[in-house]
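J.: Sequence below, structure please.
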Amino acid sequence: MVIMHSLLILANTAIVVGGSYLAGADYTNPNSPDTRMRLNVAKITRTAGQSVFLFCNVGLLVAILITIGGERKRPWFPLIARGIFGVLQSAVWSLSYYNVENYTSEGFSARFTALEYILGVLTEWLACLLLNTTYFTSKGDPSKHDDYFKLTPLLPATR
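T.: Numbers count the residues shown, from 1 in each chain. Sure thing, here's the model as predicted:
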């Protein structure tokens, strides 16, 4: 898990750096070399970070499905959908927060808001809800304490 956590820390760092790199961009002249370079760097780092998150989710899904023998008890679909949307949002300009066409004089456009709520917020909320309901669906599962004592006779004696 240390490797997984380290990858996620690096991915989050890439997303934050990509988003922060545009802070000094001159949006009054979007075709200037500096602004184009900043947009490209931000796009690459955010896409890389989101891709790592998606890769980690898919890897965990595969490991869990192998471990539990295909029993689909865990809520991975919303997380995978959110991961795909995150990659698309950082790679496709029309889905980007930095695209001025996604704004109106009152704030976000209706299209952008709908996409963000359905593919971003709703999927995260569903994943959270499903993860929390596993508490109720796992009440009959053996505790880790019981599993430890079942394995104890298999361990070599300590001196």
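J.: and the gap between the closest residue to residue 93 other than its chain neighbours and residue 131?
T.: In space, and not counting its chain neighbours, residue 93 is closest to residue 99: 5.5 Å by C-beta to C-beta, 6 or more residues apart in numbering. Backbone N, C-alpha and C define where each C-beta goes, glycine included. Counting by C-beta to C-beta, to the nearest Å, the gap from residue 99 to residue 131 is 32 Å.
J.: how about stretch 4-11: buried residues?
T.: Within stretch 4-11, the residues that qualify as buried are residue 11, counting by 16 or more other C-beta atoms under 10 Å.
J.: So which residues make contact with it?
T.: The contact list for stretch 4-11 (C-beta atoms under 8 Å, 6 or more residues apart in numbering) reads 48, 49, 50, 51, 52, 53, 56, 59, 60.
J.: and after the longest helix seen in the chain, which helix or strand comes next?
T.: If you go by DSSP state H, the chain has its longest helix at helix 33-67. Heading C-terminal from helix 33-67, the first helix or strand you meet, by DSSP states H and E, is helix 77-91.
J.: contacting residues around that following helix?
T.: For helix 77-91, using C-beta under 8 Å, 6+ apart, the contacting residues are 15, 18, 43, 46-47, 49-51, 53-54, 57-58, 61, 95-97, 119-120, 123-124, 126-127, 130.
J.: gap between that helix and the chain center?
T.: Its chain's C-alpha centre and that of helix 77-91 lie 7 Å apart, by C-alpha atoms, centre = their mean, to the nearest Å.
J.: Show me which residues of that helix are buried.
T.: Here helix 77-91 shows 78, 79, 81, 82, 83, 84, 85, 86, 87, 88, 89, 90 as buried, counting by 16+ other C-beta under 10 Å.
J.: now the residues you listed in a markdown table, with pLDDT and distance to residue 104?
T.: Formatted as a markdown table, the buried residues of helix 77-91 follow (pLDDT from 0 to 100; distance: C-beta to C-beta, whole Å):
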| residue | pLDDT | distance to residue 104 |
| --- | --- | --- |
| 78 | 78 | 29 |
| 79 | 75 | 31 |
| 81 | 81 | 27 |
| 82 | 81 | 25 |
| 83 | 80 | 29 |
| 84 | 84 | 27 |
| 85 | 84 | 22 |
| 86 | 81 | 24 |
| 87 | 82 | 26 |
| 88 | 84 | 22 |
| 89 | 83 | 19 |
| 90 | 78 | 22 |
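J.: Which of those sits closest to residue 66?
T.: residue 79 (17.5 Å; C-beta to C-beta).
J.: Thanks a lot, see you next time.
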